[in-house]
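Peer 1: Below is the sequence, then the predicted model.
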Amino acid sequence: MSGKEGGKIFVALFSGINVGGNRIVKMAELRSFFEDLGFSDVATYVQSGNAVFRAKKGDAVALAKQLEAAFEKKWGFHSRIMVRDLSWFERLVSENPYPEVAADHTKLHAYVLERGPTADEVARLTEKCTGPERFEIKGDVLYLSAPDGLGKSVFAGLIPRTLKVPGTARNWRSVQALLEIAARADGK
């Protein structure tokens, strides 16, 4: 498929949509939104705002800016959108430092960060990690192992305001599903 259609497969992760009945965006509308912008091979996954798409040109940064601007114009509110390519997602999965907990998707999450945090930012976060959780940061990904699940994790709630690096979290099931959809779209 990659040869005949050209372009490159990307994954877009939206933050702050369809949470607690607010800022509702239907996935069918989200698919049309991508198609109207000229992207192909569009697929969405669950309601929290995940889309796989093929872009003929542009890199992740340019595509994120384009999508954020078009999204705000269409829906009237801002959603921070992280765009990453397929090889980035493959690396995210292969570099998982907690393979022993990957089977239970409620206990392993990946935070896709806008940038890799500084040593000071990581140190501040390490100080707050006093519960059963463990985390590891590799580049622009924070892997969080939460033995009691994310819902019960006090530390998980502290991550955004302590780290101060914008990001969006996905459970491991979503990460693996998005990789699978993206790989299929790429013809792998």
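Peer 2: Right, received. Where do you want to start? Numbers count the residues shown, from 1 in each chain.
Peer 1: Give me the mean pLDDT for the helix of greatest length in the chain.
Peer 2: Criterion DSSP state H: the longest helix present in the chain is helix 60-75. Across helix 60-75, pLDDT averages out at 96.
Peer 1: Use 21 as the first number from now on
Peer 2: Okay, using 21 as the starting number, the last item reads as helix 80-95.
Peer 1: quick one: the strands in this protein?
Peer 2: Secondary structure of the chain by DSSP state E: the strands cover 28-34, 60-64, 70-75, 101-105, 128-133, 154-158, 161-165, 187-191.
Peer 1: Name every strand pairing with the first one and say which way it goes.
Peer 2: Each strand paired with strand 28-34, and its direction, by DSSP bridges: strand 70-75 (antiparallel), strand 101-105 (antiparallel).
Peer 1: Could you point out which residue ranges in this structure have low pLDDT?
Peer 2: In the predicted model of the chain, residues 21-25, 39-41 satisfy pLDDT under 70.
Peer 1: hang on, the earlier thing: tell me which of the strands paired with strand 28-34 sits most buried.
Peer 2: Most buried of those, by mean neighbour count (mean count of other Cβ atoms under 10 Å): strand 70-75, with a mean of 24. (Glycine included, C-beta is placed from N, CA and C.)
Peer 1: Excluding its own residues, what touches it? List them.
Peer 2: Residues outside strand 70-75 that contact it (Cβ atoms under 8 Å, 6 or more residues apart in numbering): 25, 27-34, 50-51, 54, 59-65, 83, 190, 194, 198, 201-202, 205.
Peer 1: give me that answer again for 7 Å
Peer 2: Contact with strand 70-75 is made by 25, 27-33, 50, 54, 59-64, 83, 194, 198, 201-202, 205, as judged by Cβ atoms under 7 Å, 6 or more residues apart in numbering.
Peer 1: same for the longest helix of the chain, what does it pack against?
Peer 2: strand 28-34, strand 101-105 (3 or more Cβ pairs under 7 Å, 6 or more residues apart in numbering; DSSP states H and E).
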